[in-house]
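Visitor: this one's sequence-less:
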C-alpha cells in the first residue's frame, strides 16, 4: 500500500473502498475540516463525492478534478499529520493583540526614570492632535468624563440619554453625580441609536446625550447633533472604540468628543484620555478643576508598563496556549484572568483613582504613539471583508458603517455553542465581555427598556479576526462558523 493511501486511511478511518464507505469518509473529512483540521494542499471543506478542489500552498484554487468514487480515498494526498493538528496549528490564537511594541514600552520606562517635564509633555501631546486649542489630556477617558460632569454642574436628578451599550464605569460616574442614565436602544444592524427610543426617552429633565460608537464602527452623527440642538442637550460623543490612527476627531459639532488610549485600544499608550471640548467656558472650568488633582506617580506607570510587558509576552499563540492550559488545570477561566489583567481601574473607589493628572511619562508616551502612527491607520477591514464574503449570510452588527473592526462581532442564535467549538479548534472567540453592559431602564421609565440591545447581549459572538491570525487560521474560523452557526430569532 502506498504512503499516500496509508495517510488517507489514517485520516478517514479504515473503511472498505465501497461507494457508501467513500461517502462516509467524505462526511468524516468534512466534519474534520469544520472543526479546524485540514489535509495537505486540499480544501477538505469543499470535498464532495467524486469531486475535489486542488489548492496551491498560497491558498488559491488551481483546478477542479473529478474522480470515480473508488479513486477518492487512494488519490488524495494528505499531510502526514492529517489525523491531528499540526504543532503550529494546535496553539491557541488570542482573541486580540495589544497594539504596542517593545520599543514603546522601553521608551515609556525610560521616561519614568527621567526628570518631570509636564509642561513640555502637554505641549508635545497638543501638537499631535487635530484641534490643539480644544484638546485636554487626562489619565483616562473616565477621568475626563467625570471632570466634564463636575464642570457642567447639572442639577441633581437630571437625566442623561445614554447609548444602551456602554461600559459599567460610565454609568457609575453618571450616578455618582446624582444623575440618571436613560438607555437609548440601538438598531441591531447599524448600532446607531434608534430614533423612536431617542424620542421616547426625552423628558423635561433631560440635560445631555451620550452617543457611543461601538466595536470600531463610526456611525453618522448629523441627526444626533440636530436632535441635541433642537432640545438644548449637551452632546457627548464617545469615540473610544472608533479611533484607529487616521486623524479622526469626532463630529465637529459635538460638544465633547472623547477618546481613550487604554490597554486594548488601537494606538494604545496603556493609559491616557483625550477630550475635545468646544465650549471655551466649559473647557476652562474643566482645565482649572483638572489642575487641582494630584499627579499620578511615575512609579505606578512604570509598574503598569512592566505588567503589560508580561501581557505582551503572553499575547502570542505559544505562550497564550500555555496560559489557557494552566487556567484549565487550575479550574479557572482564561476569560476572567484576561479581563482582570487588562482592566483599567479595578476595585472600589473608582472616583478616587481616576481623579488624578497623568504623569509626564504617560504624556510623553502618548505623544510618541500619536505622532508615530498619525500616517499609519490601523484596522482589520481587509480581513473582515474577506470573512464577510466567505460567510455572507450572517448578521454583522455595524457592517453598514465606516468600520475598523476593532472588535469583530457576529450575531447568531447559538453563540455559546459556537464559542465552544471555536475554543476546541484553538481559536479564542469570546461571548459578551464583562467590560460592556446594557443600560437598565430607570424605574420611572419602564417602557424605555432597550430590547434590541438586551437581545444582542446573548446573541453576539466576538471572533479573532485580525491580520496576525493568518490566512490559514482565518479560513478555519470561517469554516467552523459557516458549518455550525445558527440564525438568531
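Guide: Yep, that arrived. Bear in mind that the values here come from a model prediction, so they are computed numbers and not experimental data. Numbers count the residues shown, from 1 in each chain.
Visitor: Quick check: buried residues in stretch 323-332?
Guide: By 16 or more other CB atoms under 10 Å, the buried positions in stretch 323-332 come out as 323-324, 327. Quick note: C-beta positions are derived from backbone N, CA and C, even for glycine.
Visitor: Please apply the same query to stretch 451-464.
Guide: 452-454, 456-457, 459-464.
Visitor: tell me how far that stretch is from the chain's mean position?
Guide: Stretch 451-464 sits 13 Å away from the centroid of its parent chain (CA atoms, centre = their mean, to the nearest Å).
Visitor: again, but for stretch 328-338
Guide: Centroid displacement of stretch 328-338 relative to its chain, using CA atoms, centre = their mean, is 20 Å.
Visitor: Residues touching that stretch, excluding its own?
Guide: 323-324, 327, 428, 430 (CB atoms under 8 Å, 6 or more residues apart in numbering).
Visitor: State the helix or strand in which residue 172 lies.
Guide: Taking DSSP states H and E as the definition, one finds residue 172 inside helix 168-176.
Visitor: related to what we said a few turns ago, out of the buried residues of stretch 323-332, the closest to residue 160 would be?
Guide: Nearest to residue 160 among the buried residues of stretch 323-332, counting by CB to CB, is residue 327 at 38.5 Å.
Visitor: domain assignment for this structure?
Guide: If you go by automatic domain parsing, the domain ranges for the chain are 3-84, 87-376.
Visitor: In terms of mean pLDDT, which of these ranks lowest?
Guide: Mean pLDDT is lowest for domain 3-84 out of the domains of the chain, coming in at a mean of 36.
Visitor: The residue nearest the centre of the chain: what's it in contact with?
Guide: Nearest to the centroid of the C-alpha atoms of the chain, with distances taken as CA atoms, centre = their mean, sits residue 407, at 2.8 Å. Residue 407 is in contact with 96, 215-216, 241, 462, counting by CB under 8 Å, 6+ apart.
Visitor: ok, 10 Å please
Guide: Contacts were defined as CB atoms under 10 Å, 6 or more residues apart in numbering; by that measure residue 407 touches 95-96, 214-217, 241, 264, 380, 397-398, 430, 433, 436, 460, 462-463, 465-466.
Visitor: Check residue 308 too.
Guide: Each residue near residue 308 by CB under 10 Å, 6+ apart is listed here: 98, 100, 105, 108, 263, 268, 270-271, 315, 341-342.
Visitor: can you rerun that using 6 Å?
Guide: Residues near residue 308 by CB atoms under 6 Å, 6 or more residues apart in numbering: residue 270.
Visitor: Check the gap between it and residue 454 for me.
Guide: Going from residue 308 to residue 454 by CB to CB, to the nearest Å gives 34 Å.
Visitor: so where does the nearest residue to residue 96 once chain neighbours are set aside fall, helix or strand?
Guide: Of all residues not flanking residue 96 in the chain, residue 264 sits nearest, at 6.5 Å (CB to CB, 6 or more residues apart in numbering). Assigned by DSSP H and E, residue 264 belongs to no helix or strand.
Visitor: what about residue 264, how many residues close to it?
Guide: For residue 264, the neighbour count with other CB atoms under 10 Å is 20.
Visitor: Give me the distance between it and residue 342.
Guide: Distance, residue 264 to residue 342, by CB to CB: 6 Å.
Visitor: Could you do residue 163 as well?
Guide: 22 Å.
Visitor: Specify which residue of the two has the higher count of neighbours.
Guide: For residue 163 versus residue 342, the count of surrounding residues by other CB under 10 Å is larger for residue 163: 27 against 18.
Visitor: beta partners of the more buried one?
Guide: Beta-bridge partners recorded for residue 163 (DSSP bridges): residue 184.
Visitor: Tell me which residues touch it, please.
Guide: Residue 163 touches 184, 211-212, counting by CB under 6 Å, 6+ apart.
Visitor: ok, now with 10 Å
Guide: Residues counted as contacts of residue 163 (CB under 10 Å, 6+ apart) are 170, 181, 183-186, 191-193, 198, 209-214, 219, 224, 238, 439, 450, 453.
Visitor: for residue 143, same thing?
Guide: By CB under 10 Å, 6+ apart, the residues touching residue 143 are 137, 173, 271-273, 275, 290, 293, 296, 345, 351, 353-358.
Visitor: So which of these sit within strands?
Guide: Counting by DSSP state E, those place 137, 273, 275 in strands.
Visitor: What count of nearby residues applies to the second one?
Guide: Applying other CB under 10 Å, we find 24 residues neighbouring residue 273.
Visitor: ok, it touching residue 136?
Guide: Yes: the criterion here is CB atoms under 10 Å, and residue 273 meets it with residue 136 at 8.7 Å.
Visitor: how many other residues sit next to residue 337?
Guide: Quick note: residue 337 (other CB under 10 Å) scores 16 neighbours.
Visitor: and it, what helix or strand is that in?
Guide: Using DSSP H and E, residue 337 falls in helix 334-342.
Visitor: repeat for residue 161
Guide: strand 159-163.
Visitor: So which bits of that strand are buried?
Guide: 159-163.
Visitor: ditto for stretch 284-295
Guide: 285-286, 290, 293.
Visitor: Nearest to residue 489 among those?
Guide: Residue 489 lies nearest to residue 286 out of the buried residues of stretch 284-295, by CB to CB, at 46.2 Å.
Visitor: My understanding was that that closest one contacts residue 144; is that so?
Guide: Yes: using CB under 10 Å, residue 286 is in contact with residue 144, at 7.8 Å.
Visitor: Need the overlap of contacts for those two.
Guide: With contacts defined as CB under 10 Å, 6+ apart, the residues shared by residue 286 and residue 144 are 136, 138, 256, 275, 277.
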